[in-house]
Each structure stands twice: as C-alpha cells, then as structure tokens.
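A.B. asks: I'd like to go over a predicted model; first the sequence, then the structure.
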Amino acid sequence: MRFYLLIIKNILFSKKERKFVNIFISIAIGGIALGVATLIIALSVLNGYEKLVTKKLLQLDAHIQITGFGNKPLSDYQKTEAQIFRLIKNDIISIQPFISKVGILGKRGIKEGITLYGIRQNYFDSNKGFQIIKGRIFSANSNQVILGKSIAGKLLAGVGDTLKLFAISNEADFFNNSAPIVENLVVSGIFESGMSKFDESFALVDLNSLQNIFTMQHAVSGFEIKLSSLNNVDSLANLLQENLRYPAYVKTIFQNYKAIFTWIELQKKPIPIILALIILVAVFNIISTLLMIVIEKSGLIGTLRILGARQLQIVFIFLVQGVVIGIAGIFFGNILALLLMKIQTSFNVITLPSTVYFVSEVPLFYQLWISVLVSAITFCVTLIVSVLPSFIASRIQPVTTLRFS
C-alpha cells in the first residue's frame, strides 16, 4: 500500500516540470466544485422557496374560501357561519366572514387603487402572517384602516393620517347619476406580511364599518376557513359545496393558488437536466485531466511495467487519482455553496421583485440530505469516468515508452 501511495503522491503533487498538468488538475477540481455548489444552491433555493411561499400562504390566506358565485354577496352571514361550523366543526380552527371591495385611497393629490378588506378584530388571532409594524388594530365600528406597508409608502401615509376613500356603492349604476361613496378613513396601523399581494394593495377595515359604508346590512363577500389539517381539505370543500345554498362557491387554497403551486412544481423539472450537465462537465474535466497525466507519465508507467507492475495495479493508481480529484472538487464545492448561502442570508446580496416571485428575498433552506445526495452522485460519476483513462494507462507497453523516451 505504501508503494501505491508513493506513486500517487509523485504523480499528483510533484512540482517538477508539471505546471501544465497542475493547471489541468486545478481546472478539473474547480469545474467539479462549481457544479456541486451550483446544484446545492439551486436545490436549496427551490426547497426554501416552496416552503416559504407555502408557509406564508397557509398563514395569510384561508385553507377554504367561500365566496358568492359571480361576486354576489352572501346574505344573513351569521346563519351561514353557524351552518358551516355544524358541517365541519371537528376539523375547523376558525371561520372569518369578510367583505372585499375595490376603491381608491387618496391623500394630498396622491391616489392609489386598493382592495378594502372588511374583517373582525379577532382576524389577526388566526392569521399570524399579518404583523402590525406600526400603530395598532382598528377600533370596533370605527372608520379606521390598517394599510399594507407598500401601499402606505406609496401614499406617504403614517399612523393618524386621514385618507379619502372613493368607491362605488352596491346600488350605484354607471348608467344613472348615483353618487359614489366618499368617506374619510383614519390610519390606525400599518401591517407587513412579506407577500406583495397583501402589502401592495390591501387596506384592512372593521367588518361592521364596511357593511355600513357599502350598505350591505347583514351580507358579506364570503368566509375564510382555517383547518386543523390540510389532509382532507378537498373532501371538506366538497361537503360544504353540497350543503350550502346558491350563490355560495367553495374553493380550496390549492385551487386559489393553483398557478403558484404549479409553477413551483415546474421549477423542479429542470433539476435532472442541470444534474446531467454538471455530470457531463465533470466527465470531460476528469477524463481530459487524467489523460494529460497519462501522457506526461507514460515513461513512469513503462518503468513500473518493467519492474513488474501488473495492469490492475496501474488501473488502481490512476483510478485513485481520479477519485482524489473528485473528492477535492466535492469538498470545495460544498464549502463554496455554504459560504455563498451564508453571505446571501447575512447580507441579502440578491433581491427578488416581489410582484413576480411573491417574496423579496431569495429563500434558502439548506438540508444535509441535499449535500449528501449531490456529493454521492458526483462521487459515483467520478469513480466511473476515471476507469477509462486508467485502462488506457494500463495498456501502455513498456517497449513503446522506452522507444520514445
């Protein structure tokens, strides 16, 4: 064994007349390291994005949402709420009636389109994703509003400011002269959810106040239902749809955000292609490097054969070299991936447009299995592709090397 180690050390680490080959070895190690780091980071981003978006959606939005078909209001909401509770009381955490209306908020010439969301005061107890970062929750039956962080910034509005609301009432008709709704709303707080859908357009108002503003009496736009588990969300949604009267229309969170969940799944599809390309790069790097070593060390190979070294011994020597190069690339690749992810999480070097990706930071969720999987696959490929140059080296004839030495 010491004989093998001495030969391998001489081939890999000898500095005499080896600058050209050293460059090839460094390139091979660097190529494998970059490939490993790229794949680890890509899998961590996809893993983190799926978990972060899913977590935020489950925190912020309803597991089951009931609305009126064709945006029709649901009348006598307290009776409907009691019926929903009776149907799924064993699986339910909370039921929240809501009103959703569009309007325009203005302040000193600045106007922005918003979605008015009428909710109860206890809404925040079951929707932990909404964080009040300034001010407080609105008072009951008051014309107070809590603005999303982004919309507050666009309006240059702070806690205590009065905003003018412009909206169309339920009875208003564009073909007659019905007067629009004009109300003053006082900003009681500013919330942040981390999701552009809410932060950039939502204004939260007391449910009863919004019913009065839009003269909806005992009607609401719908209900948000949070469940204890999503395992049977589809069957519960079907149960509600079968028992609730028209115009109630039941949808699950996976139906509401089908495009997002489909997009997340779509992002996973290219992973085998990326892995195949990284493997291809590793194959060419290792084969070309080992062949360069074989060419340069042909004299040494001939000498070893003359001294009695068998073909399998020569194969083993060059196979170990390929494995050493692969292990070095895997090691440095893992270190590089961890270093880059640490820099990203600490300094947020790369940001995302929240209007496209729903989050503003690159979500990274590193798990040990990712490194183990990538490293194992890379090692196996390294071992396999090292065989070819090793057999080429073993078939070099001593007479040939001595003739051209």
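C.D. replies: Yes, it's here.
A.B. asks: what's the neighbour count on Glu50?
C.D. replies: For Glu50, the neighbour count with other C-beta atoms under 10 Å is 18. C-betas here are computed from N, CA, C, even on glycine.
A.B. asks: Could you pull up the residues touching it?
C.D. replies: Ile264 (C-beta atoms under 8 Å, 6 or more residues apart in numbering).
A.B. asks: pLDDT of the strand ranked longest in the chain, averaged?
C.D. replies: Secondary structure assigned by DSSP state E gives strand 92-107 as the longest strand of the chain. Strand 92-107 carries an average pLDDT of 93.
A.B. asks: Also stretch 33-51?
C.D. replies: Stretch 33-51 shows an average pLDDT of 88 in the prediction.
A.B. asks: same deal with stretch 144-164?
C.D. replies: The pLDDT scores in stretch 144-164 average 94.
A.B. asks: Then stretch 392-405?
C.D. replies: Mean pLDDT, stretch 392-405: 60.
A.B. asks: Can you tell me which helices and strands the longest strand of the chain packs against?
C.D. replies: Secondary-structure packing of strand 92-107 (3 or more C-beta pairs under 8 Å, 6 or more residues apart in numbering; DSSP states H and E): helix 77-88, strand 110-119, helix 123-126, helix 149-155, strand 162-167, helix 207-213, strand 222-227.
A.B. asks: With Val349 as the reference, name the closest of the ones you listed.
C.D. replies: Closest to Val349 of the helices and strands packed on strand 92-107 is helix 149-155 (C-beta to C-beta; 22.1 Å).
A.B. asks: For this structure, which segments count as strands?
C.D. replies: Assigned by DSSP E, the strands in the chain fall at 64-68, 92-107, 110-119, 131-135, 144-148, 162-167, 181-192, 202-206, 222-227, 248-252.
A.B. asks: Let me have the ones you listed in JSON lines, extended by distance to Ile27 and mean neighbour count.
C.D. replies: Shown next, in JSON lines, are the strands of the chain (distance: least, C-beta to C-beta, whole Å; neighbours: other C-beta atoms under 10 Å):
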{"stretch": "strand 64-68", "distance to Ile27": "55", "mean neighbour count": "22"}
{"stretch": "strand 92-107", "distance to Ile27": "57", "mean neighbour count": "18"}
{"stretch": "strand 110-119", "distance to Ile27": "54", "mean neighbour count": "19"}
{"stretch": "strand 131-135", "distance to Ile27": "49", "mean neighbour count": "14"}
{"stretch": "strand 144-148", "distance to Ile27": "50", "mean neighbour count": "26"}
{"stretch": "strand 162-167", "distance to Ile27": "62", "mean neighbour count": "18"}
{"stretch": "strand 181-192", "distance to Ile27": "47", "mean neighbour count": "18"}
{"stretch": "strand 202-206", "distance to Ile27": "53", "mean neighbour count": "25"}
{"stretch": "strand 222-227", "distance to Ile27": "55", "mean neighbour count": "22"}
{"stretch": "strand 248-252", "distance to Ile27": "52", "mean neighbour count": "19"}
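A.B. asks: Make CSV from those strands and add distance to Leu291 to it.
C.D. replies: Converted to CSV, those look like this (distance: least, C-beta to C-beta, whole Å):
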stretch, distance to Leu291
strand 64-68, 62
strand 92-107, 64
strand 110-119, 64
strand 131-135, 59
strand 144-148, 61
strand 162-167, 73
strand 181-192, 58
strand 202-206, 62
strand 222-227, 61
strand 248-252, 58
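A.B. asks: ok so, going back, keeping just the C-alphas, turn the longest strand of the chain into CSV.
C.D. replies: C-alpha atoms of strand 92-107 as CSV (Å, rounded to 0.1, in the frame of the first residue of the first chain):
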residue,chain,number,x,y,z
ILE,A,92,-62.1,23.7,11.9
ILE,A,93,-59.9,26.2,13.7
SER,A,94,-61.6,29.5,12.7
ILE,A,95,-64.3,31.0,10.5
GLN,A,96,-63.9,34.6,9.5
PRO,A,97,-66.5,36.4,7.4
PHE,A,98,-65.1,39.1,5.2
ILE,A,99,-66.0,41.9,2.8
SER,A,100,-63.9,42.6,-0.2
LYS,A,101,-64.4,45.8,-2.2
VAL,A,102,-62.2,47.9,-4.5
GLY,A,103,-61.8,51.6,-4.2
ILE,A,104,-59.3,54.4,-4.3
LEU,A,105,-57.5,56.0,-1.4
GLY,A,106,-56.1,59.5,-1.7
LYS,A,107,-54.0,61.9,0.2
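A.B. asks: What is the distance between it and the centre of its chain?
C.D. replies: Centroid separation between strand 92-107 and its chain, computed with C-alpha atoms, centre = their mean, to the nearest Å, is 27 Å.
A.B. asks: Quick check: neighbours of it in the sheet, parallel or antiparallel?
C.D. replies: Paired strands of strand 92-107, with direction, are strand 110-119 (antiparallel), strand 162-167 (antiparallel), strand 222-227 (antiparallel) (DSSP bridges).
A.B. asks: which residues are contacting the last one?
C.D. replies: Just to be clear, that refers to strand 222-227. With contact meaning C-beta under 8 Å, 6+ apart, strand 222-227 is reached by 61-68, 74, 77, 80-81, 84, 88, 91-98, 100, 126-127, 233, 236.
A.B. asks: Tally up the residues packed near Ser346, please.
C.D. replies: Neighbour tally, Ser346, other C-beta under 10 Å: 8.
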